[in-house]
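K.L.:
Attaching a predicted model along with its sequence, questions to come.
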Amino acid sequence: MRQLAYAMTGLEVAIAVLVVVALFALYEAVLYRVPRLRAERPLAAPCPPLVALDAVASYLAGLGYQMRAAESSRRLFQHPGALVSLRAIEAGHRLRVTATGPSLVVEVLGVARVSARDREAFGQRIDAMASAVEAAARAAESAEAQAVALETAPQVVRIHERTVERQIVVARCKFCSALTPVDAKKCDNCGAVPFL
């Protein structure tokens with residue numbers, strides 16, 4: 001074995017490496033790079049791409065998908081299961097979801113063959129994703145409408161007034177006959193100190 005390794009020239013090693021890389025690239029192209037299913041669903045209630053992708057992410061998280069990559073208008077989700085069957089919905093595969101605002105594009109990556117039944121199930125899955133996006137759009141619109149209504153609502157200011165009444169005993173000053181409270185130290189009018 002050692003003699004065989006020494007016998008290989010640099011050119012033979014390069015050719016072997018190139019063959020392995022080419023086979024791996026072919027495998028990637030057949031199983032992962034070529035989208036086998038792609039469907040575009042117009043949204044009845046268009047919403048911003050980030051809102052749409054967040055709604056799809058929460059929907060797919062409930063089905064067991066994990067988000068692998070996130071871009072401004074595209075997300076890549078992968079099911080953690082192994083690729084044990086060729087069914088597009090049940091097999092472990094990757095979904096690339098793109099939101100443009102008025103529509104939702106979903107592609108299945110890594111499925112070699114897809115039957116007509118799988119295409120129908122895939123269409124139903126996309127309809128469910130679009131329904132989740134439309135519900136999120138309606139919720140965002142209602143939240144925004146409530147925020148605007150709160151901002152434009154007239155502000156009610158309540159003023160509480162309290163009147164305190166008390167009785168003050170007054171007496172006439174013996175010098176000027178002006179009324180002065182009895183607990184005062186001097187007369188308010190003439191300034192006499194013992195005014196009583």
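P.N.:
Now that the structure is in, tell me what you want to look at.

K.L.:
mind listing what's buried in the helix or strand containing E120?
P.N.:
Element membership for E120, per DSSP states H and E: helix 116-152. By 16 or more other Cβ atoms under 10 Å, the buried positions in helix 116-152 come out as 118-119, 121-122, 125-126, 129-130, 132-134, 136-137, 140. C-beta here means a position set from N, CA and C on the backbone, and glycine is covered the same way.

K.L.:
can you put the residues you listed in JSON lines and add pLDDT and distance to V51?
P.N.:
What follows is the buried residues of helix 116-152, written out as JSON lines (pLDDT from 0 to 100; distance: Cβ to Cβ, whole Å):
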{"residue": "D118", "pLDDT": "72", "distance to V51": "29"}
{"residue": "R119", "pLDDT": "76", "distance to V51": "28"}
{"residue": "A121", "pLDDT": "78", "distance to V51": "26"}
{"residue": "F122", "pLDDT": "81", "distance to V51": "23"}
{"residue": "R125", "pLDDT": "85", "distance to V51": "20"}
{"residue": "I126", "pLDDT": "88", "distance to V51": "17"}
{"residue": "M129", "pLDDT": "89", "distance to V51": "13"}
{"residue": "A130", "pLDDT": "91", "distance to V51": "13"}
{"residue": "A132", "pLDDT": "90", "distance to V51": "11"}
{"residue": "V133", "pLDDT": "90", "distance to V51": "8"}
{"residue": "E134", "pLDDT": "90", "distance to V51": "11"}
{"residue": "A136", "pLDDT": "89", "distance to V51": "6"}
{"residue": "A137", "pLDDT": "88", "distance to V51": "6"}
{"residue": "A140", "pLDDT": "83", "distance to V51": "6"}
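
K.L.:
the bottom helix or strand of the chain by mean pLDDT?
P.N.:
The helix or strand of the chain with the poorest confidence is helix 2-7; it has a mean of 54 (mean pLDDT, DSSP states H and E).

K.L.:
any idea how far the most centrally placed residue in the chain is from P48?
P.N.:
When Cα atoms, centre = their mean is applied to the chain, the residue found nearest the centroid is D54 (5.2 Å). As judged by Cβ to Cβ, to the nearest Å, D54 and P48 stand 10 Å apart.

K.L.:
A137 now?
P.N.:
With distances taken as Cβ to Cβ, A137 is found 9 Å from P48.

K.L.:
tell me the domain boundaries of the chain?
P.N.:
1-33, 35-150 (automatic domain parsing).

K.L.:
Which of the ones you listed has the lowest mean pLDDT?
P.N.:
Note on these: lowest mean pLDDT is at domain 1-33, with a mean of 66.

K.L.:
follow-up on the earlier one: counting contacts, what elements does the helix holding E120 pack onto?
P.N.:
Identification of packing neighbours for helix 116-152 by 3 or more Cβ pairs under 8 Å, 6 or more residues apart in numbering; DSSP states H and E yields strand 35-42, helix 49-62, strand 103-109.
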